[in-house]
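Engineer: Quick one: sequence and predicted model below, then my questions.
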Amino acid sequence: MPALQQLEQAYAASKKDKAFLAELEMLQKTYIGRPTPLYFAQRLTAELGGAKVYLKREDLAHTGAHKINNAIGQALLAKKMGKKRLIAETGAGQHGVATATGAALTGLECEIYMGSDDVARQSLNVFRMKLLGAIVHEVTIGSKTLKDAINEGLRDWTTNVRTTHYVMGTVFGPHPFPVMVRDFQAVIGKEARKQIQAAEGKLPEYLIACVGGGSNAMGLFHAFIHDGVKMVGVEAGGRGIAPGDHAARFAGGSIGVLQGTKSYLLQDDDGNVLGTHSVSAGLDYAAVGPEHAFLRDSGRVQYAYATDDEALAAFEQLSRTEGIIPALESSHALAEAVKLAPKLSKDEIIVVNLSGRGDKDVQHVARIRGVEL
Amino acid sequence: MKSRIARKFQALRKEGKKAFIPYIMAGDPDIKRTGELVKVLEDCGADIIELGVPFSDPLADGPTIQAAAQRALGGGTTLHTVLEFVSTLRNSTQIPIILMTYYNPVFKYGDEKFIEDALSAGVDGIIVPDLPPDEAEGLIRLSRKKPFDTIFLLAPTSTEERMQKVCHASRGFIYYVSITGITGTALSLDPFIGSHMAQIRKISDTPIAVGFGISTPEEAATVAGIADGVIVGSAIVKRTNGPDEELRQYLLSLRAAIA
Ligand SMILES: Cc1ncc(COP(=O)(O)O)c(C=O)c1O
């Protein structure tokens, strides 16, 4: 608790600290490579035969996903707070890579927790983290995925709270994490708003983003919340909506409390957290950020899910039509666009958050498709 | 009306004694074994028993108790079965019993129904490490005029403001966590523990029990020297599935150290 209060105060102060904000902005530009492009996917649009599909290219951000926006922000904040060490959980490995990168950039020590199932399916990212100087701890207890990595990360933080900052990778966990992570990601939507207006002279009809914890979705949605733009968050439907086979918290969950957060949660009747499944490690998580729960209950955002098969098909379709290999997480958002675009007219616009690139998934997809590399 | 816990501390205080509070995981590996263990603990001089309710994501626990929780969950133990167990146990013992659980099982059960059922089962209090008093209004309000204690945690990093909050919200005793860390971590008593205790005692005369990381009789004796009660968890859980004779000897050595 004292650590959370300290963090809340430090974060509030940083928002008014001109030097801090200038440094963050400079790094966004020169290190992360912002603004990321908003790309009109012409051939995909033609193939779908409906609304125009634009892609917000977070896959082109340094380290290959939106996760860097948050990791750099928190690394700067930790440095300012006098912390010596960064720790983080990771599912797909993108947040682990981003945190290890932030640590290298600021000269802090770094240790990453990752479930052993995820270590196996995202081995490329494990090696990247090590190259960046981080220690990677494999978590072999529980579901061996993101949830258990967060548990271990929080246990470490409890133990080393005086020297260490916990870099939560998504809009989850106790306050102030959900708000702070959203704010660091909100740059995505701010840019996209300007870019679509410059390209089309209007706002889009739809925004679509995948929802693991929900940070890339909040990042895109936040700047449009007060406009009439429709928004769809896409969860992992896995093998279908049966207990243990998916990670669609809104479709199959109920309200619960986990890891310092009250939100929708996949749980059994006794309040124990259910196992999850998704082809994508970054969406394979039993709970969802609390602001998404609010947006869903207020009706402002619609939530859908895409199955493993739908996501894999979208993964292949974008690669083939546009020459862009998307992350499996982002492929869930694309799968929803594939369903929605044909139902809309040609002058309507969909912006899909392409939250990451798929290099990390290539080996995993090859394995699924039975291709030997 | 005072809870069994409060009455126990009152009696101990009168005799100038300190409380020995062992922790075991309910249902590890099954609930029948837990019944046997409660008897062993009582035979060996336990004053209060802390009964762990298994949860899928025990954030405050180290590997020993995590593994115990997984075994108990594997055997089908839930908050419901633990309440039934305590209710049966009350036919044979009146030893104060505290449940240590995480919040989600209670939330799912429903705060109000939980307090009601826990009370009628004969549970005396609850420790919820992932629920700070700020978020526990419901549980506190519902149990206030009843013999059911809400016990909150203080850590070596707690500020004066937090001490105030925890002291006001805690009944039965205040749980002082001896280390910054999780259960089962090696004990290295914070150098400020003495001054922290003094600070807490200025705010409240509720008894203080210290736990997390205590495993040897020497450590137990040291802690008993400064606190009103000593909680031993992981070190006992490590021995609950071994020979009872070893467990008994170990418990007796702790009991002797907590004078
Ligand atoms: C590329 C990518 N997209 C999306 C996610 C899901 O996280 P969030 O919902 O917080 O954006 C991840 C998480 O690992 C990711 O790597």
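Structural biologist: Cool, got the structure.

Engineer: Please name the residues that touch whichever residue of the stretch 251-373 of chain A sits closest to chain B.
Structural biologist: Chain B sits closest to residue A:271 of the stretch 251-373 of chain A, with a gap of 3.3 Å, by CB to the nearest CB. From N, CA and C alone the C-beta is placed, and that goes for glycine too. Contacts here follow CB atoms under 8 Å, 6 or more residues apart in numbering or on different chains; on that basis residue A:271 touches A:256, B:55, B:79, B:104, B:105, B:106, B:107, B:108, B:109.

Engineer: Recalculate using a threshold of 10 Å.
Structural biologist: A:254, A:256-258, A:265, B:53, B:55-56, B:78-79, B:101-109 (CB atoms under 10 Å, 6 or more residues apart in numbering or on different chains).

Engineer: Excluding chain neighbours, what is closest to residue A:108?
Structural biologist: Setting aside the residues directly before and after it, residue A:108 is nearest to residue A:86 in space (CB to CB, 6 or more residues apart in numbering or on different chains), at 5.1 Å.

Engineer: My guess is that neighbour contacts residue A:71. True?
Structural biologist: Yes: contact between residue A:86 and residue A:71 holds when scored by CB atoms under 10 Å: they sit 8.6 Å apart.

Engineer: From the ligand, how far off is residue A:323?
Structural biologist: In this view, residue A:323 and the ligand are 18 Å apart by CB to the nearest ligand atom, to the nearest Å.

Engineer: likewise residue A:145?
Structural biologist: The separation that residue A:145 has from the ligand, given CB to the nearest ligand atom, amounts to 11 Å.

Engineer: next one: residue B:244
Structural biologist: Taken as CB to the nearest ligand atom, the span from residue B:244 to the ligand is 48 Å.

Engineer: what about that residue, distance to residue B:33?
Structural biologist: Distance of residue B:244 to residue B:33, computed by CB to CB, to the nearest Å: 10 Å.

Engineer: These two - which one has more neighbours?
Structural biologist: Under the neighbour definition other CB atoms under 10 Å in any protein chain shown, residue B:244 and residue B:33 were set side by side, and residue B:33 has more, 17 against 12.

Engineer: could you dump whichever strand or helix holds the more buried one to PDB, C-alpha only?
Structural biologist: Assessed by DSSP states H and E, residue B:33 sits inside helix B:31-43. C-alpha atoms of helix B:31-43 as PDB (Å, rounded to 0.1, in the frame of the first residue of the first chain):
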ATOM      1  CA  ILE B  31     -10.200 -32.300   5.100                       C
ATOM      2  CA  LYS B  32     -10.000 -35.400   7.300                       C
ATOM      3  CA  ARG B  33      -6.300 -34.800   7.700                       C
ATOM      4  CA  THR B  34      -7.100 -31.200   8.800                       C
ATOM      5  CA  GLY B  35      -9.300 -32.600  11.500                       C
ATOM      6  CA  GLU B  36      -6.400 -34.700  12.800                       C
ATOM      7  CA  LEU B  37      -4.000 -31.800  12.600                       C
ATOM      8  CA  VAL B  38      -6.300 -29.500  14.600                       C
ATOM      9  CA  LYS B  39      -6.200 -32.000  17.400                       C
ATOM     10  CA  VAL B  40      -2.400 -32.300  17.200                       C
ATOM     11  CA  LEU B  41      -2.000 -28.500  17.300                       C
ATOM     12  CA  GLU B  42      -4.300 -28.200  20.300                       C
ATOM     13  CA  ASP B  43      -2.500 -31.100  22.100                       C
END
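
Engineer: And that helix, what's buried?
Structural biologist: Within helix B:31-43, the residues that count as buried by 16 or more other CB atoms under 10 Å in any protein chain shown are B:31, B:33, B:34, B:37, B:38, B:40, B:41, B:42.

Engineer: Out of the contacts of residue A:271, which are close to the ligand?
Structural biologist: Among those, not one lies near the ligand by CB under 6 Å from any ligand atom.

Engineer: Show only the entries of those residues found in helices.
Structural biologist: B:79, B:103, B:104, B:105, B:106, B:107, B:108, B:109 (DSSP state H).

Engineer: can I assume the second one is in contact with residue B:60?
Structural biologist: No: using CB under 10 Å, residue B:103 makes no contact with residue B:60, being 11.4 Å away.

Engineer: Report the separation between residue B:45 and chain A.
Structural biologist: Residue B:45 sits 31 Å away from chain A, going by CB to the nearest CB, to the nearest Å.

Engineer: no no, residue B:159
Structural biologist: Taken as CB to the nearest CB, the span from residue B:159 to chain A is 5 Å.

Engineer: Also residue B:116?
Structural biologist: In terms of CB to the nearest CB, residue B:116 sits 17 Å off from chain A.

Engineer: picking up where we left off before, now render the ones in helices among the contacts of residue A:271 as JSON lines, adding distance to residue B:70.
Structural biologist: What follows is the ones in helices among the contacts of residue A:271, written out as JSON lines (distance: CB to CB, whole Å):
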{"residue": "B:79", "distance to residue B:70": "16"}
{"residue": "B:103", "distance to residue B:70": "19"}
{"residue": "B:104", "distance to residue B:70": "16"}
{"residue": "B:105", "distance to residue B:70": "15"}
{"residue": "B:106", "distance to residue B:70": "20"}
{"residue": "B:107", "distance to residue B:70": "21"}
{"residue": "B:108", "distance to residue B:70": "19"}
{"residue": "B:109", "distance to residue B:70": "21"}
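
Engineer: And these, which is closest to residue A:247?
Structural biologist: residue B:104 (17.4 Å; CB to CB).

Engineer: The closest one: what's it in contact with?
Structural biologist: Neighbours of residue B:104 in contact, by CB under 10 Å, 6+ apart: A:255-259, A:262, A:265, A:267, A:270-273, B:55-57, B:79, B:128, B:130-131.

Engineer: does the closest residue to residue A:14 other than its chain neighbours count as helix, strand or coil?
Structural biologist: Nearest residue to residue A:14 in three dimensions, chain neighbours excluded: residue A:20, at 4.7 Å (CB to CB, 6+ apart). Of the three states, residue A:20 takes helix according to DSSP: H, G, I helix; E, B strand; the rest coil.

Engineer: With the one 4 residues further on instead?
Structural biologist: Under the three-state scheme (three-state DSSP), the conformation of residue A:24 reads as helix.

Engineer: wait, doesn't it sit right on residue A:105?
Structural biologist: No: with contact defined as CB under 10 Å, residue A:24 does not count as touching residue A:105 (11.8 Å).

Engineer: Which of these two has more residues huddled nearby?
Structural biologist: Using other CB under 10 Å as the criterion, residue A:24 and residue A:105 rank with residue A:24 on top: 20 against 17.
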